[in-house]
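1. Sequence unavailable; structure follows:
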């Protein structure tokens, strides 16, 4: 029986790690249909639900994070959970050893990377954010490559680490969207998969102020699963006479981006990357307590091109947000310029760049096809 080449992707925890991992897996399977892809994740992470739903082969580990944890939990993780997880992974590889492991970040990534290094399996790290996480900063020196979603991350990686700026893979359907002006203009609000309380409270307030000044516009607001927040936002928009769609989530993001003129959003790596490829002008409000302040660095990466503004949550009031929205949403020339600047920073070839990195360490023949 011939052996199929194998790729293992380790990490997860949040959508910011899981979704890029899935995008990379799908792209690899499209280029190399014979490739077997498996995953390593944590029982406590989002991957524990998403990956089995997709029918993926996944090894789920009993692990906890250590960032912000007390010393007892840190000792438990480092002295018990981590070694046990590494042993579990290596046992699972006795009959199905991967040719390459990609670590995408998150605490489950540590075990996978450690197991691969001990087994002398090539390791490539994938850092989605402009500020690298602790795992990738620590382990990068021991790995073959570190793929960077943002060029700015390179300055935070130690010397001697082989980095490649690839950009983040964005779904083709979103890459095919093109920003265009609408009449009346439409404001988009995106707080991430769980919503953002500060945006749910402040954006409707700011919009009410603009409506009272006679500004005419519409809103699509993704508020998360908090029913009380959805009800309150709807009531505020209705009171202001603003046509608004307030949704718990959106399963058609290409249409979401296509329908807007300006977006107010958190600045996770994939949100910033999707905004860039769709040419969406943005007002970013970074999550102030995000690990290593990575959302601020993500936002600044796009703001530096002129395609976005960064607003501090600690200083965010209805009045301040209304002024920022007014300065952009009702100025067609400014919106068009921001859109062009955003597109100029877009990672349009991220898919091919990432797969080219993987190709260096997968068993391929001279035609670039996997060797079975």
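-> It's in. Keep in mind that this is a model prediction, so the values were computed, not measured.

2. okay, now the domains of the protein?
-> The record's domain parsing of the chain by automatic domain parsing lists 6-170+348-359, 173-344.

3. Let's see the pLDDT reported for residue 1.
-> If you check residue 1, the pLDDT there is 48.

4. Please apply the same query to residue 211.
-> The pLDDT attached to residue 211 in the predicted structure is 97.

5. Could you do residue 83 as well?
-> The predicted structure scores residue 83 at 83 on the pLDDT scale.

6. thinking again about what came up before, of the domains of the chain, which shows the lowest average pLDDT?
-> That would be domain 6-170+348-359, which, of all these, carries the lowest mean pLDDT at a mean of 89.

7. end-to-end on that one?
-> Across its full length, domain 6-170+348-359 reaches 12 Å between end residues, using Cα to Cα, to the nearest Å.

8. now do stretch 164-183
-> End-to-end span of stretch 164-183 (Cα to Cα): 42 Å.

9. tell me which residues in that stretch are buried?
-> For stretch 164-183, a neighbour-count test (16 or more other Cβ atoms under 10 Å) marks 165-171, 174-175, 177, 179 as buried. (Glycine included, C-beta is placed from N, CA and C.)

10. Pull the contacting residues for residue 177.
-> Residue 177 makes contact with 254, 257-258, 277-278 under the criterion Cβ atoms under 8 Å, 6 or more residues apart in numbering.

11. Check those and tell me the two furthest apart.
-> Using Cβ to Cβ, the two most remote members of those are 258 and 277, lying 12.2 Å apart.

12. When the two are compared, which one has more neighbours?
-> residue 277 (25 against 17; other Cβ atoms under 10 Å).

13. how many other residues sit next to residue 317?
-> For residue 317, the neighbour count with other Cβ under 10 Å is 11.

14. And the one 3 residues further on, by the same measure?
-> Residues lying near residue 320 (other Cβ under 10 Å) number 14.

15. quick one: it from residue 338, how far?
-> 19 Å (Cβ to Cβ, to the nearest Å).

16. just residue 72 next, same as before
-> In this structure, residue 72 lies at 49 Å from residue 338, with Cβ to Cβ as the measure.

17. Over to residue 54?
-> Shown here: residue 54 relative to residue 338, a distance of 36 Å by Cβ to Cβ.

18. ranges for the strands of the stretch 1-150 of the chain?
-> Assigned by DSSP state E, counting those that start in this stretch, the stretch 1-150 of the chain shows strands spanning 6-10, 36-42, 57-61, 100-103, 123-127, 145-148.

19. Tell me the neighbouring strands of the fifth one, and mark each as parallel or antiparallel.
-> When sheet partners are counted by DSSP bridges, strand 123-127 sits next to strand 100-103 (parallel), strand 145-148 (parallel).

20. Any idea which of those strands gets closest to residue 45?
-> Between those, strand 100-103 lies closest to residue 45; by Cβ to Cβ that is 14.0 Å.

21. List the contacts of residue 294.
-> Neighbouring residues of residue 294 by Cβ under 8 Å, 6+ apart: 129-131, 133, 269.

22. one more time with 10 Å
-> Shown here is residue 294, whose contacts under the criterion Cβ atoms under 10 Å, 6 or more residues apart in numbering are 16, 127-133, 150, 153, 156, 267-269, 286-287.

23. quick revisit: pick out whichever of residue 54 and residue 338 has more residues nearby.
-> In this view residue 54 and residue 338 are compared by other Cβ under 10 Å, and residue 338 has more residues nearby, 24 against 12.
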